[in-house]
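Colleague: Quick one, structure for this:
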Amino acid sequence: MSALFLNPPSVDGFDGGAGSRYQARREVTSFWYPTWLAQPAALVAGAKLLDCPPQSLGVEAALREAERFEHVIIHTSTPSLRNDCRVAEAIKARRPETKIGFIGAHPAVLPTETLKASAAIDWVGRREFDFTCKEVAEGVPWDRIAGLSFKREGRIIHNAERELITDMDVLPWVADVYRRDLRIEDYFIGYLQHPYLSLYTGRGCPAQCTFCLWPQTIGGHRYRVRSPQNVADEMAYLKRLFPQVKEFFFDDDTFTANLPRAREIARRLAPLGVTWSCNSRANLDGDTIRFFRDCGLRLFLVGYESGNADILHRIKKGVTLEEMRRFTRECHQAGVMVHGTFILGLPVETPESIERTIAFAKELDVFSLQVSLAAPYPGTELYELARQHGWFVKRDKTDLLEADGYQQSTLEYPGLPKEAIFEAVERFYREYYLRAGPILRIVKTMLEDRDILVRRVREGFEFFRSLSQRRDGEVG
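Modeller: Residues are numbered from 1 along each chain as shown. Take a look at the predicted model:
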């Protein structure tokens with residue numbers, strides 16, 4: 001039996017990779033690695049991973065490849081489901097006997113609804129789906145596969161849940177799948193050095209953030225990890241396979257959630273001489289930050305989310321404004337860069353709270369930032385709160401994107417319509433970046449490296465073009 005693991009073609013620039021918190025187009029060209037597909041692909045002999053968006057592959061190219069496989073396993077998401085169903089239907093039309101499965105957070109939370117979304121979908125994998133995919137591809141009878149929901153004679157059958165993996169070292173490395181099926185130069189993240197490479201060292205997150213997708217749908221709130229030696233061995237292997245990589249990124253929801261383990265991994269990375277970055281909460285002390293820096297850390301990706309204590313409390317962030325300030329000062333002093341992420345439209349945003357968040361971001365003065373619109377995904381506490389309180393703008397609560405692939409405003413609050421939240425994103429970017437400090441930092445990096453100069457010019461063009469497209473595409 002053979003299986004194609006497919007990230008389907010979509011609108012130009014659509015980043016459907018599981019590493020992105022929100023599947024959407026970005027302000028600049030950005031593509032995360034399809035690690036959630038690469039992991040089960042590494043388990044299945046004869047499998048192939050086809051990641052269409054970064055390779056600019058259209059539907060016809062995907063169909064030609066899919067014809068060669070008995071099974072096609074598609075990673076989908078709430079905003080991409082309709083598009084992915086159309087691709088699945090085209091695959092079935094070309095080769096009706098192909099068995100098609102959907103995986104990802106959306107089918108994990110809404111398996112019945114996903115199966116009903118298209119007659120082309122034969123099965124979905126719920127929760128942690130790696131070994132579910134493996135057993136389907138190996139021909140195990142479907143009624144014996146835990147974590148599987150499937151169609152049989154017009155009925156939908158839900159098998160027993162599959163237990164989460166506890167020993168993460170049982171999963172094979174993704175390195176060989178990356179080498180075989182991807183071209184790493186196709187993957188860009190604005191704040192990471194290019195070419196970069198990302199992987200997971202664990203799944204799950206103990207934090208309780210109400211908006212965060214993966215812990216509430218697939219990974220869970222227990223941080224389940226690979227051993228430090230397993231991680232270090234794969235890193236050494238990746239360094240040999242991809243000598244051109246300039247930076248490695250640990251895409252765990254919160255790599256620093258288990259600090260003793262994170263420190264041990266860092267200690268084992270130091271002799272490799274690699275540059276690395278990771279997701280972190282803004283609560284590390286200066287000694288830890290400096291230790292990571294000395295072991296090769298270059299940058300933290302940090303979710304600050306808001307500059308309002310009441311909003312942070314409502315979303316269960318678990319980090320205070322003063323902790324964020326202290327952490328950021330320590331990073332500045334240690335020479336560790338920070339890419340900060342902020343979200344507008346969280347409960348209960350007001351015009352005044354937006355201004356406080358913009359002012360807070362300026363105060364922190366991190367190297368770079370991203371501003372997103374609150375996205376209430378099914379399966380998250382934010383989604384349930386929005387449903388209960390009537391904050392959704394549209395009847396279709398899963399409509400999260402505009403036709404061009406950019407995020408749209410899906411929530412609004414008394415005294416703050418969706419148009420005001422949407423407009424504030426562009427204003428946030430302009431007020432933050434059009435200051436002397438950020439401009440000088442960007443110019444300095446451009447003068448130091450010609451490749452960065454070319455890249456920043458391209459990113460600047462894409463950034464302002466995207467703001468214009470978002471503005472023109474927003475409807476009242």
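Colleague: Can you give the domain ranges for the chain?
Modeller: 3-158, 189-473 (automatic domain parsing).
Colleague: from the ones you listed, which stretch is densest packed?
Modeller: domain 3-158 (a mean of 20; mean count of other Cβ atoms under 10 Å). The way it works is simple: take the backbone N, C-alpha and C, and place the C-beta from them, glycine included.
Colleague: measure it end to end?
Modeller: 22 Å (Cα to Cα, to the nearest Å).
Colleague: mean confidence for that domain?
Modeller: The pLDDT scores in domain 3-158 average 91.
Colleague: For D169, find the nearest of the domains of the chain.
Modeller: For these, the distance to D169 is smallest for domain 189-473, at 4.9 Å, taking Cβ to Cβ.
Colleague: related to what we said a few turns ago, can I get the domains of the chain in TSV with distance to D169?
Modeller: TSV is the format used below for the domains of the chain (distance: least, Cβ to Cβ, whole Å):
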stretch	distance to D169
domain 3-158	13
domain 189-473	5
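Colleague: which residues touch R441?
Modeller: Applying Cβ atoms under 8 Å, 6 or more residues apart in numbering, one finds that R441 lies in contact with F367.
Colleague: Does it belong to a helix, a strand or coil?
Modeller: Of the three states, R441 takes helix according to DSSP: H, G, I helix; E, B strand; the rest coil.
Colleague: same deal with L4?
Modeller: L4 ends up strand, using three-state DSSP.
Colleague: That one touches E65, doesn't it?
Modeller: Yes. Using Cβ atoms under 8 Å, L4 is in contact with E65, at 6.4 Å.
Colleague: Now do the shared contacts for these two.
Modeller: Here L4 and E65 have 48, 50 as joint contacts, going by Cβ under 8 Å, 6+ apart.
Colleague: quick revisit: so which of the domains of the chain is nearest W173?
Modeller: Closest to W173 of these is domain 189-473 (Cβ to Cβ; 4.7 Å).
Colleague: Mind exporting the C-alpha coordinates of stretch 51-64 to PDB?
Modeller: Output in PDB follows, covering the C-alpha atoms of stretch 51-64 (Å, rounded to 0.1, in the frame of the first residue of the first chain):
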ATOM      1  CA  ASP A  51       3.800  20.400   0.100                       C
ATOM      2  CA  CYS A  52       2.300  22.400  -2.800                       C
ATOM      3  CA  PRO A  53       2.100  26.000  -1.600                       C
ATOM      4  CA  PRO A  54       5.900  26.600  -1.000                       C
ATOM      5  CA  GLN A  55       6.600  24.900  -4.300                       C
ATOM      6  CA  SER A  56       4.000  26.900  -6.200                       C
ATOM      7  CA  LEU A  57       2.300  23.700  -7.400                       C
ATOM      8  CA  GLY A  58      -1.200  23.900  -8.700                       C
ATOM      9  CA  VAL A  59      -4.100  21.500  -8.700                       C
ATOM     10  CA  GLU A  60      -3.000  19.700 -11.900                       C
ATOM     11  CA  ALA A  61       0.400  18.900 -10.500                       C
ATOM     12  CA  ALA A  62      -1.100  17.600  -7.300                       C
ATOM     13  CA  LEU A  63      -3.500  15.400  -9.300                       C
ATOM     14  CA  ARG A  64      -0.700  13.900 -11.400                       C
END
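Colleague: all strands in the stretch 1-150 of the chain, in order from the N-terminus.
Modeller: 3-7, 14-15, 24-25, 48-51, 71-75, 99-103, 123-125, 148-152 (DSSP state E, counting those that start in this stretch).
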